[in-house]
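Enquirer: How does the following fold in three dimensions:
(one chain, ligands or ions: 2)
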Amino acid sequence: ITMLGIETSCDDTAAAVVRSNGEILSQVVSSQAELLAQYGGVAPKMAQEAHAAVIDQVVQDALDKAGVREKDLSAVAVTIGPGLSLCLHVGVQKARKIAGSFNLPLVGVHHMEAHALVARLVEKKLQFPFMALLISGGHNLVVLARDLGHYIQLGTTIDDAIGEAYDKTAKWLGLDLRRSGGPAIEELALEGDAKAIKFTVPMKQHKDCNFSFAGLKNQVRLAIEAQNVTPEIPISAANSKERSARANIAASFQRVAVLHLEEKCQRAIEWALKIDPSIKYLVASGGVASNKYVRSRLKQVVEKNGLQLVCPPPSLCTDNG
Ligand code: ATP
Ligand code: FE
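Expert: Ligands and ions are numbered 1, 2, ... in the order given. Just a heads-up that it's a prediction; the model follows:
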């Protein structure tokens with residue numbers, strides 16, 4: 001089976017051609033990072049226009065790189081949600097057009113299910129049931145995947161997702177947003193002292209598996225104000241004292257944000273193993289799971305519980321076809 005996959009739920013226009021044996025024949029992503037940097041966030045109408053401008057080319061490139069023509073496809077898959085409806089529409093329209101013209105089945109895909117299941121392309125040993133921690137720009141979920149289409153949600157965020165906290169922290173620290181905020185924070189944090197600022201770990205008193213990042217975001221904002229960081233001065237122009245102040249904030253934020261993930265992940269594993277003791281894997285996916293610090297900390301928690309961590313490579317953690 002050879003599938004064309006199309007994804008336009010947020011700010012990336014993506015297409016890929018994938019075979020049912022897990023082989024990825026091609027993967028093309030056109031990012032709106034420049035636009036995002038200019039406007040400081042995703043504006044749905046503008047994002048829709050940007051998708052519409054490149055969708056034909058992105059799909060064509062994916063087919064060309066794979067050396068596959070539409071008539072060779074077995075089906076077309078497309079993200080149908082969750083996401084920005086104006087943006088989703090661009091992908092769905094394109095997928096319907098191809099499926100209609102070539103008489104192919106059209107498969108609607110849940111974006112978060114795709115973030116979780118993409119791990120099965122790279123880790124052939126991965127069998128149901130497994131756990132998935134989905135950490136991205138809009139979601140922060142921990143689920144028990146019992147089978148295809150059969151998921152038990154153990155926890156979610158009560159406000160923001162961790163990726164949103166990374167992105168805002170990056171913006172307030174004056175980091176270069178032509179790529180997304182997460183990688184910029186990850187890099188700057190390497191220079192900083194993670195214990196310099198005492199942020200409190202969210203939701204300590206809640207004995208559940210839910211997450212919250214709005215409070216931490218606010219703590220970061222206050223710390224930035226207290227240290228007189230001016231986001232208008234880009235990090236590249238900051239003097240060394242100013243740079244190290246920003247690096248300390250980045251590192252301290254990252255440490256506490258990930259501590260929160262670790263704590264909730266530990267509890268979620270305990271819960272999940274009570275439901276199904278045969279679980280052997282935890283998949284971490286979504287953009288934030290491409291972060292090396294996040295991965296190494298999660299690996300410790302997961303292995304301490306006798307499970308194995310599966311992380312798709314970064315290009316499959318962030319949005320893709
Ligand atoms: P959702 O999947 O919830 O709809 P999304 O599709 O926008 O949201 P993804 O593309 O999966 O999210 O991930 C993007 C998010 O991942 C952004 O918030 C980005 O800052 C974050 N991210 C990407 N790389 C890293 C990294 N190395 N460290 C931390 N965060 C990262
Ligand atoms: Fe996503």
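
Enquirer: any idea of the pLDDT on Ala33?
Expert: We have a pLDDT of 77 for Ala33.

Enquirer: Would you enumerate the residues in contact with the residue of the stretch 101-250 of the chain found nearest ligand 2?
Expert: Nearest to ligand 2 in the stretch 101-250 of the chain, going by C-beta to the ion, is Ser136, at a distance of 4.6 Å. Bear in mind the C-beta positions are built from the backbone N, C-alpha and C, glycine included. Contacts for Ser136 were tallied using C-beta atoms under 8 Å, 6 or more residues apart in numbering; they are 115, 161, 163, 286-288, 318.

Enquirer: Could you tell me how far it is located from Glu262?
Expert: Distance, Ser136 to Glu262, using C-beta to C-beta, to the nearest Å: 18 Å.

Enquirer: For ligand 1, tell me whether the longest helix seen in the chain is touching it.
Expert: As assigned by DSSP state H, the longest helix anywhere in the chain is helix 240-275. No. On the criterion C-beta under 6 Å from any ligand atom, helix 240-275 is out of touch with ligand 1, staying 8.0 Å away.

Enquirer: average pLDDT across that helix?
Expert: pLDDT averaged over helix 240-275 gives 97.

Enquirer: before we move on, what about stretch 206-220?
Expert: 98.

Enquirer: Can you name the residues in contact with that stretch?
Expert: Residues contacting stretch 206-220 (C-beta under 8 Å, 6+ apart): 140, 142, 154-162, 164-165, 168-169, 172, 199-200, 202-203, 249, 253, 256-257, 260-261, 264, 267-268, 271.

Enquirer: could you redo the last one with a cut-off of 6 Å?
Expert: 140, 142, 154-155, 157-160, 162, 165, 168-169, 199, 202-203, 253, 264, 267-268 (C-beta atoms under 6 Å, 6 or more residues apart in numbering).

Enquirer: Residues of the protein that sit close to ligand 2?
Expert: When proximity is defined as C-beta under 5 Å from the ion, the chain approaches ligand 2 at 136, 319.

Enquirer: Now tell me which helix or strand of the chain has the poorest mean pLDDT.
Expert: helix 33-39 (a mean of 74; mean pLDDT, DSSP states H and E).

Enquirer: for this protein, what spans make up the strands?
Expert: Ranges of strands in the chain, per DSSP state E, are 2-7, 12-19, 24-31, 75-81, 106-110, 130-135, 140-147, 150-155, 281-285, 308-310.

Enquirer: Could you list the low-pLDDT ranges of the stretch 1-150 of the chain?
Expert: Applying pLDDT under 70 to the stretch 1-150 of the chain flags the ranges 40.
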